[in-house]
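A.B. asks: Coordinates for the following, if possible.
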Amino acid sequence: MCVLKTNDLKRIFQELDKNGDGLLSAAELGWLLESIGGVHFSLQEVESSLGKSCLNFDEFLLFYDSITKQGGDGISEAVPADGQDQGCKEEDCDLVEAFKVYDSNGDGFISAEELQSMLSRLGLWDEMTGKDCRGMISKYDTNLDGVLDFEEFKKMMLHTSS
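C.D. replies: Residues are numbered from 1 along each chain as shown. Below is the predicted model of the structure:
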């Protein structure tokens, strides 16, 4: 399962492609990995893992799929929020990894501030649109505690009603 939709990935690609040449350099990809995963890679490490110095959009999609399937952000294999590996389905494991990225302070919940911070880092937050992260969270916050736990996050990502 792809955690982000293709149109979201296209927007991220365009934000990262500062010179507009339709290619992401190893440096730009290294910055992305550091931003979302907190792991620093040297330019040589990124180029070595890619086998080239830049990626076009289609290659970027393959790169994204490979890091989300392999936990390529330097985080260990996905485990549910309760810390027990219960042989989760691939879809759930991908969501656990995505949840960890959004839950930047590691407390097991996603706050409005964490959501806005991650959307900003991904280039998906635009203050001009007036999107309200608290409103986004409240739509899926079934226990009304003001934050999203993993199950609420999963419902949000899968767009299911509570």
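A.B. asks: Would you tell me what helix or strand the residue nearest in space to the middle of the chain is located in?
C.D. replies: In the chain, the C-alpha closest to the average C-alpha coordinate belongs to residue 98, at a distance of 5.2 Å (C-alpha atoms, centre = their mean). For residue 98, the enclosing helix or strand under DSSP states H and E is helix 90-102.
A.B. asks: Render the CA-only coordinates of that helix in CSV, please.
C.D. replies: Presented in CSV, the C-alpha positions along helix 90-102 are these (Å, rounded to 0.1, in the frame of the first residue of the first chain):
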residue,chain,number,x,y,z
GLU,A,90,1.6,-5.2,5.1
GLU,A,91,-1.0,-2.4,5.0
ASP,A,92,-1.0,-2.1,8.8
CYS,A,93,2.8,-2.2,8.9
ASP,A,94,3.1,0.6,6.4
LEU,A,95,0.6,2.6,8.5
VAL,A,96,2.6,2.0,11.6
GLU,A,97,5.7,3.3,9.9
ALA,A,98,3.8,6.4,8.7
PHE,A,99,2.3,6.9,12.1
LYS,A,100,5.9,6.9,13.6
VAL,A,101,6.9,9.6,11.2
TYR,A,102,4.0,11.9,12.1
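A.B. asks: Residue 12 against residue 24, yeah?
C.D. replies: No: the criterion here is C-beta atoms under 8 Å, and residue 12 misses it with residue 24 at 9.7 Å. From N, CA and C alone the C-beta is placed, and that goes for glycine too.
A.B. asks: Looking at these two now, which is surrounded by more residues?
C.D. replies: Looking at residue 12 and residue 24 with other C-beta atoms under 10 Å, you find the greater number of neighbours at residue 24, namely 24 against 20.
A.B. asks: Tell me what that one is bridged to.
C.D. replies: Taking DSSP bridges as the rule, residue 24 bridges to residue 55.
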